[in-house]
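> generate a structure from the sequence data that follows.
(one chain, ligands or ions: 1)
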Amino acid sequence: MRRRDLLGGLLAAPWWASELYAQATRGLPPLKITDVKVIGVSPRPHYSWVFIKVLTNEPGLYGLGSANNRYLAWAAKAALEKHMRPFWIGKDPDRIEDLWQSNHVRSYWRNGPITNVIQAALDSALWDIKGKRANMPVYQLLGGKAREAVPLYAHAGGPTFDACVESARSWMEKGFRHVRVQMGGYGGGGFIPPGEGSRPETGFSGKAFDEETYLDTIPKLFRHLRDKLGWQVKLLHDVHEHLTGWGALELAKRFEPVRMFFVEDILPPEQIDYYKQIRGLTTTPMAMGELFTHPHEWRPLIANRLIDFFRGRVGMIGGITQAKKIAALCEQFGVRTAFQEGGENDPINQLIAYHVDLTIPSFGIQEENDFPEEVHEMMPGAARIRGGYLYGSDKPGLGIDLNEQIAAKYPLVDDHRNADWTTVRGMDGSVVRP
Ligand code: MG
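Residues are numbered from 1 along each chain as shown. Below is the predicted model of the structure:
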């Protein structure tokens with residue numbers, strides 16, 4: 001009988017589980033990491049996914065993780081292959097906290113967008129392994145369910161006010177209670193069309209962001225949404241950092257009459273000190289942190305109760321181990337979580353957020369991300385969305401697998417055209433923070 005099968009039965013009763021675990025593993029060789037496979041896949045042009053498969057000396061036992069950084073995928077892949085794989089081989093996968101800490105200082109400089117996703121990849125794989133050994137989904141190991149499923153907010157949008165209404169309504173009809181609405185892409189509603197307006201004689205003539213135009217358009221859009229959709233739906237909007245400090249204050253005030261569920265990233269991470277002024281001026285709820293990588297960014301905002309939702313991506317802040325600690329910090333200060341799991345993110349990262357979400361009292365909402373069928377075929381057990389909620393597979397560990405034969409059909413690519421969306425410009429051609 002394989003050790004895992006034996007343990008599966010024994011670990012059903014938690015209070016004596018550790019003693020039984022010790023008995024069951026006595027005399028067996030200690031568990032070790034024997035290899036780390038790094039697998040880059042791009043099932044769609046905007047997906048640049050780097051997964052790891054952490055193999056152990058127990059036949060058939062492995063864990064999956066994701067080092068997702070769509071903009072620096074090759075750097076993450078090389079760091080895993082050249083730097084981390086040799087460091088991890090031979091280590092004990094049971095020691096998740098210890099490995100998190102030693103991994104954190106392994107690169108000396110830390111809390112960056114490559115080091116953090118590497119942290120998360122290993123952390124996810126170790127939780128996956130521990131869950132498989134215990135024959136339990138990871139959320140059971142994190143304390144068990146604090147809610148039945150994970151509510152999501154949907155992404156609605158369109159080029160006109162009425163298109164936005166129709167888009168939001170279609171999500172509400174699918175069961176979503178929370179709907180984010182954008183007027184087209186990020187900053188939409190604030191753009192002067194290409195070639196229009198007063199342009200410099202040489203150079204830039206593309207679509208140009210104009211702060212005052214945005215501040216005029218977006219609150220009107222949300223008044224229109226309230227008129228057409230009523231007050232039951234919870235409305236969200238993502239500013240995606242386009243504003244100055246003044247613009248952020250002005251927009252937050254103008255949003256008050258439409259009662260937002262939250263307004264996201266109204267400022268870039270470099271200007272978070274403005275949240276003190278925003279908090280003093282308005283009751284509009286603030287979500288912040290999609291681009292956060294460092295505790296010095298989130299800690300003062302949470303500890304001073306200057307935001308309402310912490311919005312970090314679980315894979316970008318260091319994985320389940322780190323997310324649980326931040327969620328506990330949020331709980332102490334009455335802040336809620338809204339983990340960023342949309343766009344180019346992947347099913348493993350979605351699931352690590354899911355397992356944390358199920359167990360934390362500080363949970364607020366999670367971002368929707370629905371993957372095409374070829375991704376589900378490649379990754380059996382990927383979470384599914386039904387009626388506005390996210391459901392994992394309930395299989396042991398993270399509950400997901402990676403079919404390497406199918407993955408080989410989608411070699412990793414970096415589509416530079418797709419990455420250009422982060423460069424937004426003003427009328428004079430200067431860069432606006434995306
Ligand atoms: Mg965002």
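> near A383, how many other residues are there?
Using other CB atoms under 10 Å, A383 has 26 other residues around it. All C-beta spots, glycine's among them, are computed from the backbone N, C-alpha and C.
> return the residues in contact with G184.
157-159 (CB atoms under 8 Å, 6 or more residues apart in numbering).
> for T337, what are phi and psi?
phi -100, psi 150 (degrees, to the nearest 10).
> for the contacts of G184, which one is nearest the ion?
G157 (12.7 Å; CB to the ion).
> the closest one reaches C164, doesn't it?
Yes. Applying CB atoms under 8 Å, one finds G157 in contact with C164, separated by 6.1 Å.
> these two - which one has more neighbours?
C164 (26 against 18).
> one step back: any shared contact partners between G157 and C164?
With CB under 8 Å, 6+ apart, G157 and C164 have common neighbours 181-183.
> the closest residue to the ion within the stretch 1-150 of the chain: what secondary structure?
The stretch 1-150 of the chain approaches the ion most closely through R70 (13.7 Å), counting by CB to the ion. With DSSP: H, G, I helix; E, B strand; the rest coil as the basis, R70 sits in coil.
> among the shared contacts of G157 and C164, name the ones in strands.
181-182 (DSSP state E).
> what's the closest of the shared contacts of G157 and C164 to Q119?
Q182 (30.9 Å; CB to CB).
> identify the bridge partners of the closest one.
Taking DSSP bridges, one obtains G157 as the residues bridged to Q182.
> in this structure it contacts H155, no?
Yes. Between Q182 and H155 there is a contact at 7.4 Å, judged by CB under 8 Å.
> find residues that contact each of those two.
In contact with both Q182 and H155: no residue, using CB under 8 Å, 6+ apart.
> farthest residue from the center of the protein?
E201 (42.1 Å; CA atoms, centre = their mean).
> my guess is that residue is in a strand, correct?
No. Under three-state DSSP, E201 sits outside any strand and is assigned coil.
> for the stretch 101-250 of the chain, which segments count as helices?
115-134, 138-141, 161-173, 211-229, 245-255 (DSSP state H, counting those that start in this stretch).
> what's the first one packed up against?
Right, helix 115-134. Under the contact definition 3 or more CB pairs under 8 Å, 6 or more residues apart in numbering; DSSP states H and E, helix 115-134 sits against helix 3-10, strand 49-56, strand 62-66, helix 96-106, helix 138-141, helix 314-317, helix 320-333, helix 347-359.
> circling back: quick check, nearest of the contacts of G184 to L243?
Checking the contacts of G184 one by one against L243 (CB to CB), the nearest turns out to be G157, at 18.7 Å.
> which residues touch that closest one?
Counted by CB under 8 Å, 6+ apart, G157 has contacts 163-164, 167, 181-185, 188.
> write the ChimeraX selection for whichever of those residues are buried.
To isolate the buried ones among the contacts of G157 in ChimeraX, judged by 16 or more other CB atoms under 10 Å, type:
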select :164,167,181,182,183,188
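> point me to the residue of the stretch 101-250 of the chain nearest the ion.
For the stretch 101-250 of the chain, CB to the ion, closest residue to the ion: D238, 4.3 Å.
> how about that residue: what's its closest non-neighbour residue?
Distance criterion CB to CB, 6 or more residues apart in numbering; nearest residue to D238, sequence neighbours excluded, is E264 at 4.2 Å.
> kindly state the pLDDT recorded for the one you found?
At E264, the pLDDT value in this model is 98.
> so what does it have for phi and psi?
phi -100, psi 140.
> before we move on, what about the one 3 residues further on?
In terms of degrees, to the nearest 10, the main-chain angles of L267 are phi -140, psi 160.
> settle this for me: it is touching W246, isn't it.
No. L267 lies out of contact with W246 (CB under 8 Å); the separation is 10.8 Å.
> what parts of the protein come near the ion?
238, 290 (CB under 5 Å from the ion).
> pLDDT below threshold where in the chain?
1-28, 416-419 (pLDDT under 70).
> ok, 80 please
Regions of the chain meeting the criterion pLDDT under 80 cover residues 1-29, 414-420, 434.
> neighbours of R386, how many?
Neighbours of R386 using other CB under 10 Å come to 10.
> torsion angles phi and psi at it?
According to degrees, to the nearest 10, R386 has phi -140, psi 120.
> for the nearest residue to it once chain neighbours are set aside, what are its contacts?
Of all residues not flanking R386 in the chain, G175 sits nearest, at 7.7 Å (CB to CB, 6+ apart). Contact partners of G175, counting by CB under 8 Å, 6+ apart, are 386-389.
> how far away is the closest residue to the ion within the stretch 301-434 of the chain from Q366?
Nearest residue of the stretch 301-434 of the chain to the ion (CB to the ion) works out as Q340 at 6.1 Å. The spacing between Q340 and Q366, counted by CB to CB, to the nearest Å, is 9 Å.
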